[in-house]
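> starting from these lines, generate the structure:
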Amino acid sequence: MSAASAGADPLAAALSDEWALLVAAAVVGTDRRPPPPPAFGWEAWAGSVDPAVQVLDRAAAVVAARRAGAVPAPPPAVLPEPAPDDERPPCPPACARRLERLLAGEHEVVVHEWLRLADAAGIQLPWASLPSLLLRGRREPALDRVVRRLARGRDRWLAAAVPELGVPVAPVRAAGAGEPDPGSPGVGTLDGGAAVTAIVGAFHEGSATWHVAPQLRAVVAALDPAWLAALVVELSRLAFDARTERTRAELLSLAELRAEMHREFASLRAGGPGHAEGAT
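From the prediction side, this is the model:
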């Protein structure tokens, strides 16, 4: 037996002793009491002249040793049930990335529209975005109902399989009588010509300040998609005005994003999932 093997057992036994010493030193504080001498085999990490740094160095060594010697936990006796099958094609990467950007806060006002387009295209919700959608649904019952309808049972599976998410198994609230489904096609579109004229007129009058940006943003979010290109052109033609430039940039970005999103889904419907993969 080598000298290293002979010393392995005492070193392992000293592991718990060293950790107990370090915990006691951390609780008391090195400004009140210097750290105790290290246990057998741990002297190499006690060289710092700063007592606080010495405790941290020794603790880092102990943590690394404990992780290196950890035995993996046995597999669960009962494996979880697999997720429900979904016969629909998966969400193309470009559309999934678009949803991730929306959920991250980039013009999140059109999240409902993305869900309507995905429903019309007959594709699955992206697995990676489902937890975020369900967590968002806890404070938006209308969104929660749409997501659960499109998830095809995977919402209940995820809530049961990963309880630490805090997602309820059942919807937050049932739909009320006569309440529109935000996931239904055609909800919330405006007459395009009148809306574009009103938006551009607000800029010409100088009234499209950041104070009214939320109202104008809602108009652009509900604008008939056929008029988005015209709005982009008109907003791009506007002369610079310090009072309205921030609002113009915001509305232009939103209109461009919606136009790109509709092109992605139009390409998907026209040629199948593979045609949307290269869109940006």
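> what helix or strand is the residue positioned nearest the centre of the chain on?
Among the residues of the chain, the one closest to the centroid is Ser132, at 5.3 Å (Cα atoms, centre = their mean). Per DSSP states H and E, Ser132 falls inside helix 130-137.
> moving C-terminal of that helix, what's the next helix or strand?
Past helix 130-137, the next helix or strand by DSSP H and E is helix 141-151.
> got the angle for that following helix vs helix 130-137?
For helix 141-151 against helix 130-137, the angle by axes from the mean of the first three to the mean of the last three Cα atoms, to 10 degrees is 150 degrees.
> in helix 141-151, what counts as buried?
Using 16 or more other Cβ atoms under 10 Å as the test for burial, helix 141-151 gives 141-148, 150-151. To be clear about C-beta, it is placed using only N, CA and C from the backbone, and glycine gets the same treatment.
> same question, stretch 75-93
86, 91-92.
> and which of the residues you listed is nearest to His107?
Cys91 (18.7 Å; Cβ to Cβ).
> report the contact partners of the nearest residue to that closest one once chain neighbours are set aside.
Nearest residue to Cys91, sequence neighbours excluded (Cβ to Cβ, 6 or more residues apart in numbering): Pro126, at 4.5 Å. Counting by Cβ atoms under 8 Å, 6 or more residues apart in numbering, Pro126 makes contact with 90-91, 95-96, 99-100.
> how near is Pro126 to Arg58?
The gap separating Pro126 from Arg58 is 46 Å, by Cβ to Cβ, to the nearest Å.
> before we move on, what about Ala142?
As judged by Cβ to Cβ, Ala142 and Arg58 stand 55 Å apart.
> tabulate the contacts of Pro126 (CSV), appending distance to Arg243.
Shown next, in CSV, are the contacts of Pro126 (distance: Cβ to Cβ, whole Å):
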residue, distance to Arg243
Pro90, 46
Cys91, 41
Cys95, 37
Ala96, 38
Leu99, 34
Glu100, 34
